[in-house]
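# attaching a predicted model along with its sequence, questions to come.
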Amino acid sequence: MEKVIAGTSVKINEEGYLTEFAQWNTQIGTELAKEANIDMTPRHWEVITYLQTEFKNEVPLSIRKIGKSGVVDIKEFYQLFPIAPLKTASKIAGIPKPASCI
């Protein structure tokens, strides 16, 4: 299915995750963050960039792995993305929902 986000028509799945990472840009990320009631800060973007890099390198993501990444600890990750942090951050990053998420 398709959805218009930040003036761009993008392909999403039934859970609202982008299905084509190439369609992602920071405006779309910002809009997706607003939908999740998150005001993006430079710290948020650092985490998003990390998630996107891991995705591009085909590294499976989990809360534990992010906590050990050196980019953000688990406590701060939950502060930045309070509700379903990995699902929310992945959606904002324009990457598929991690397999570790229910």
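Structure received.

# can you pull the contacts of the residue nearest to Lys11 when sequence neighbours are not counted?
In space, and not counting its chain neighbours, Lys11 is closest to Thr19: 4.6 Å by Cβ to Cβ, 6 or more residues apart in numbering. For the C-beta atoms, the positions are set from N, CA and C on the backbone; glycine is no exception. Under the criterion of Cβ atoms under 8 Å, 6 or more residues apart in numbering, the contact partners of Thr19 comprise 11-13, 96.

# 7 Å instead?
11-13 (Cβ atoms under 7 Å, 6 or more residues apart in numbering).

# next: Ser90.
51, 97-98.

# buried sites along the lengthiest helix in the chain?
When the chain is parsed with DSSP state H, its longest helix is helix 42-56. Neighbour-count burial for helix 42-56, with 16 or more other Cβ atoms under 10 Å as criterion, is recorded at 44-45, 47-48, 50-52, 54-55.

# show me the contact partners of that helix.
Outside helix 42-56, the residues within contact range by Cβ under 7 Å, 6+ apart are 29, 38, 61, 69, 71-72, 77, 80, 89-90, 92-93, 95.

# please repeat the previous calculation with a cut-off of 6 Å.
Residues outside helix 42-56 that contact it (Cβ atoms under 6 Å, 6 or more residues apart in numbering): 61, 71-72, 80, 89, 92-93, 95.

# now do it, average pLDDT.
Confidence for helix 42-56, expressed as mean pLDDT, is 97.

# try stretch 17-37
Mean pLDDT, computed over stretch 17-37, is 97.

# do the same with stretch 78-93
For stretch 78-93, mean pLDDT rounds to 96.
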